[in-house]
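Asker: structure, please.
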Amino acid sequence: MKLLMVCLGNICRSPLAEGIMKTKVPGHFFVDSVGTISMHEGEHPDKRAIKTAANHGIDISKQKSRPITKEDLDVFDKIYCMDIDVYEDVISKAKNEEQRQKISLFLEVLGDHKNAEVPDPYWGDMNDFEEVFQLLDKGCDAIINKIL
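Answerer: Purely as a prediction, here's the structure:
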C-alpha cells in the first residue's frame, strides 16, 4: 500500500506525518509526503519539525520537499490532506472519481469532521509542533487500524 501525506509547503505537517507513519507501518508499505505549493521544493523540513520528530526518536532530516504531481494521484492508494484548503487543492487535481475516493482529510479517520484539520505550526513555537506531532501520531494509529 502507498500512502501520501499532503500539507501546504511540505516542511512541517506532512514530513512529520510521513516520519511517524513510517515507524508504524509494515515494511511493504510506501509512505511519502508532498506540498500543494512548490515554494520550498528541495528544502529539508523546518528545523522545529526535525527537532520535534527527533525528540520522539524519528529522523526526518533527510526528507526533501516536493510539490504534488498529477502522477501522485495515480500512484498512491490513499492521500491524506492536513487541512481543508489542501484537500480542496488536491481534489481539484483529480481527473476522475477513483482518484477523488483516495483523497481525505488526515484526521477525518478519527470521526470528528468538525475538527478534522491538523493546524499549521509554521507560525508557532515548539509547543505548537509538539501538539501537531501528538495529533499526527493519534491520526496515524487510527489510519493504520482502519487499513490493516
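Asker: is it fair to say residue 28 lies in a helix?
Answerer: No - when classified by DSSP: H, G, I helix; E, B strand; the rest coil, residue 28 is found to be coil rather than part of a helix.
Asker: so what's it closest to, chain neighbours aside?
Answerer: residue 1 (7.7 Å; Cβ to Cβ, 6 or more residues apart in numbering). Glycine gets a C-beta too; all of them are placed from N, C-alpha and C.
Asker: for the one you found, what are its contacts?
Answerer: With contacts defined as Cβ atoms under 8 Å, 6 or more residues apart in numbering, the neighbours of residue 1 are 25, 28-30, 77-78, 147.
Asker: how close does residue 137 sit to residue 131?
Answerer: Taken as Cβ to Cβ, to the nearest Å, the spacing of residue 137 relative to residue 131 amounts to 11 Å.
Asker: just the CA trace of stretch 18-30, in CSV.
Answerer: C-alpha atoms of stretch 18-30 as CSV (Å, rounded to 0.1, in the frame of the first residue of the first chain):
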residue,chain,number,x,y,z
GLU,A,18,5.5,10.7,6.9
GLY,A,19,8.1,10.1,9.5
ILE,A,20,5.6,8.9,12.1
MET,A,21,3.7,6.7,9.7
LYS,A,22,7.0,5.1,8.5
THR,A,23,7.7,4.0,12.1
LYS,A,24,4.3,2.3,12.4
VAL,A,25,3.5,0.5,9.1
PRO,A,26,4.8,-2.8,7.8
GLY,A,27,7.9,-2.7,5.6
HIS,A,28,5.9,-3.4,2.4
PHE,A,29,4.1,0.0,2.8
PHE,A,30,5.5,3.0,1.0
